[in-house]
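Trainee: sequence and computational prediction follow.
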Amino acid sequence: MKALKTALALLVGDAQSDRVVPPTGHTVRLTLFSAGAMAFLAVFALALSMATGRLASLWGDELARSSTIRISAPEAQVADQTAAALKVLETTPGVASARALTTEEQQQLLEPWFGNGLSLDGLPVPQLIEVVEKGDGFDAEGLRLRLQAEVPGATLDDHTRWRRPLVKAARSLRLLGALSLILIGGTMAAMITLAATAALAANSQVIRVLRLVGAQDSYIAGAFVRRFTLRALIGGAAGTAVGMIAVALLPSAQPEGGFLTGLGFEGWHWLWPLLIPPLGAVVAFVATREAAMRTLRGLR
Amino acid sequence: MIELENMAYSYGGGELLSGISLKLAPGSFHFLTGPSGAGKTTFLRLCYGDLTATSGTVRLFGRDVRDLTRDQIALLRRKIGTVHQDCQFLDHLPLYENIALPLTVSGHSEWTDEANLKELMQWVGLGSRARALPPELSGGERQRAALARAIIMSPDVILADEPTGNVDWEMSQRLLTLLVELNRLGKTVVIATHDLALIRAAKSQVQARVLRIANRKLQLAGADL
Ligand SMILES: Nc1ncnc2c1ncn2[C@@H]1O[C@H](COP(=O)(O)OP(=O)(O)O)[C@@H](O)[C@H]1O
Ligand SMILES: [Mg+2]
């Protein structure tokens, strides 16, 4: 609470205090530009990380946790083989439940292709068994071997096999996005530190005069901190605005959910990038204050 | 208020001051003299905590400078008005803001507008120069501005380093008169100068002690002045 109060007091300052350090057009522009560019990049990293996060959970929830076993056998053997397959599944670790689909359910699955009113009787439609996994899932290869031995007509249709790497890729992409955000923050801190250190060095005579008339370190630091924080905030706001517009102009997400078309924010997630300018300002505040205190300790 | 006890100061080039003891009594008026390079400026810098003695003690308002943090020294400087040999202004700020700087940095910027400073600026004869930038001023004007800045916090002590350094005789008389006036108001004044004529001129106006730095020591100068 006290830290917040000092931070606020430091930020508010007063107009006169801000005049004690001469303005330098060059560093102003460079700092504004860097803060803007970093904020722009941060918007994209954030969008990437959120879109891939969405994708990962979508694929994960919707598909990942069920597989299908198809039993294609001469009609007389279907019931026996289904029972045998269910028995195998009962003793397979990683299987939460297994259930043979009813005729009606199978009919429903085929409807999009054959229209309704289709009767499965007399058609050699395979029997489907829905397998729901639990925990880390089952060993698909092992199950396939057991089924081969005991249920000759069974084929394990394991969606997870092709889905898992996709979910994994989406998760790593999200992680990469988050890592990029951290790197962007770090780069911003480094750049502000360099700019602030340069500004402090260029103003060593000003600092000397301020010391001679009784200025304390926090006062001198504050004059620099306010500047850089404000520039980071303004540059960051501009960069974020441009970044958000750019993201909004990307092609919108398709229901089929391609990865590239889904890169953007959805609904209230549009609020997330608004955090970038204040966070950039906090980074600038801390970086400048550190740089100033370090410089002031070194100067007599 | 300022006490030196067996103080010595050396730097890379050897010992500059040694065995110096002095107690500045409140309301006293001192001249500090000695040839150029004798260590007058160094002596004053030791007195406002800008340098630290190599041995012995310097006490400001009863506190050993060695035990003070930078921020504590900054607070004490608000009670010690200093006129620097090279004035030390911020060249990008107009004169009145430079004069008000001690107020600004101590959080009293509400008193620093031009109107509030008018009287002080007139007292040092700079009433019409408030908005000039320091580099536009003449030597005498800069010296007077430096004096105005030194007293704006109403300090108990005024340490002036060659306050008449680069001004003509008439101007140096005016500056001396200002310092004597301040002393009459109860301020302790120390003036470092190599200008013996100035010291002689002061004798008729004020009861002053004359100290001389010679061979690294501080001596009380006698009637030879
Ligand atoms: N820290 C220091 N480093 C180098 N030289 C110094 C230092 N302090 C004092 N001096 C030297 O000591 C001498 C005394 O300087 P100063 O105090 O300015 O004398 P004055 O004001 O009497 O002319 C000068 O020659 C100055 O260069
Ligand atoms: Mg000198």
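Mentor: Now that the structure is in, tell me what you want to look at. Ligands and ions are numbered 1, 2, ... in the order given.

Trainee: in terms of helices and strands, where is the residue of chain A most remote from its centre?
Mentor: Using C-alpha atoms, centre = their mean, the residue of chain A lying farthest from its centre is A:Ala76. It sits 52.6 Å away. In the assignment (DSSP states H and E), A:Ala76 maps to helix A:75-90.

Trainee: from A:Gln106, how far out is the residue farthest from the centre of chain A?
Mentor: Distance check for A:Ala76 against A:Gln106: by C-beta to C-beta, to the nearest Å, it reads 19 Å. Yep, even glycine has a C-beta here, placed from its N, CA and C like the rest.

Trainee: got it, and A:Arg227?
Mentor: According to C-beta to C-beta, A:Arg227 stands 71 Å off from A:Gln106.

Trainee: so which of those two has more stuff around it?
Mentor: Per other C-beta atoms under 10 Å in any protein chain shown, whichever of A:Arg227 and A:Gln106 has more neighbours is A:Arg227, with 23 against 16.

Trainee: host element of the more buried one?
Mentor: Assessed by DSSP H and E, A:Arg227 sits inside helix A:217-249.

Trainee: mind listing what's buried along that helix?
Mentor: Counting neighbours by 16 or more other C-beta atoms under 10 Å in any protein chain shown, one finds that the buried residues in helix A:217-249 are A:217-241, A:243-244, A:247.

Trainee: other SSEs contacting the helix or strand just after it?
Mentor: Remark: after helix A:217-249, the chain's next helix or strand is helix A:276-298, criterion DSSP H and E. In this structure, helix A:276-298 makes packing contacts with helix A:2-12, helix A:25-63, helix A:159-202, helix A:217-249, judged by 3 or more C-beta pairs under 8 Å, 6 or more residues apart in numbering or on different chains; DSSP states H and E.

Trainee: report pLDDT for B:Thr52.
Mentor: With respect to pLDDT, B:Thr52 has a value of 93.

Trainee: if we can go back for a sec, send the alpha carbons of the helix or strand just after the helix holding A:Ala76 over as PDB?
Mentor: In the C-terminal direction, the helix or strand that comes right after helix A:75-90 (DSSP H and E) is strand A:95-100. Coordinates of the C-alpha atoms in strand A:95-100 are reproduced here as PDB (Å, rounded to 0.1, in the frame of the first residue of the first chain):
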ATOM      1  CA  VAL A  95     -10.600 -47.200 -20.400                       C
ATOM      2  CA  ALA A  96     -13.300 -45.400 -18.500                       C
ATOM      3  CA  SER A  97     -16.300 -47.000 -20.200                       C
ATOM      4  CA  ALA A  98     -17.200 -48.800 -23.300                       C
ATOM      5  CA  ARG A  99     -20.600 -49.100 -24.900                       C
ATOM      6  CA  ALA A 100     -22.000 -50.500 -28.000                       C
END
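
Trainee: A:Ser97 and A:Val132 touch, don't they?
Mentor: Yes. Counting by C-beta atoms under 8 Å, a contact exists between A:Ser97 and A:Val132, whose distance comes to 4.9 Å.

Trainee: what's the neighbour count on the residue in chain A that ligand 2 sits nearest to?
Mentor: The minimum distance from chain A to ligand 2, using C-beta to the ion, falls at A:Leu212 (15.1 Å). For A:Leu212, the tally of surrounding residues (other C-beta under 10 Å) stands at 20.

Trainee: get me the contact residues on chain A for chain B.
Mentor: Along chain A, the residues adjacent to chain B under the rule C-beta under 8 Å from any C-beta of the partner chain are A:14, A:16-17, A:19-20, A:22, A:206, A:208-219, A:296, A:300.

Trainee: go again using 6 Å as the cut-off
Mentor: By the rule C-beta under 6 Å from any C-beta of the partner chain, the part of chain A lying against chain B is A:14, A:16, A:22, A:206, A:209-210, A:212-217, A:219.

Trainee: what residues does chain B put near chain A?
Mentor: Neighbours of chain A within chain B, by C-beta under 6 Å from any C-beta: B:71, B:74, B:77-78, B:88, B:90, B:92, B:101-102, B:104-106, B:109.

Trainee: nearest to ligand 2, out of those: which one, please.
Mentor: Within those, proximity to ligand 2 (C-beta to the ion) peaks at B:Gln88, which comes in at 13.3 Å.

Trainee: and the nearest residue to the closest one once chain neighbours are set aside, how far is that from B:Ile80?
Mentor: Nearest non-adjacent residue to B:Gln88, counting by C-beta to C-beta, 6 or more residues apart in numbering or on different chains: A:Val209, 4.9 Å away. In this structure, A:Val209 and B:Ile80 are separated by 15 Å, where distance is defined by C-beta to C-beta.

Trainee: comparing those two, which residue is more hemmed in?
Mentor: When A:Val209 and B:Ile80 are compared on other C-beta under 10 Å, the one with more neighbours turns out to be B:Ile80, at 25 against 21.

Trainee: domains in the chain, by residue range?
Mentor: Let's take chain A. Annotated domains of chain A cover A:2-55+A:167-298, A:73-152 [automatic domain parsing].

Trainee: meant chain B actually
Mentor: In terms of domains, chain B is parsed into B:1-79+B:156-168+B:188-225, B:86-154 (source: automatic domain parsing).

Trainee: since that was my last question, I'll sign off now.
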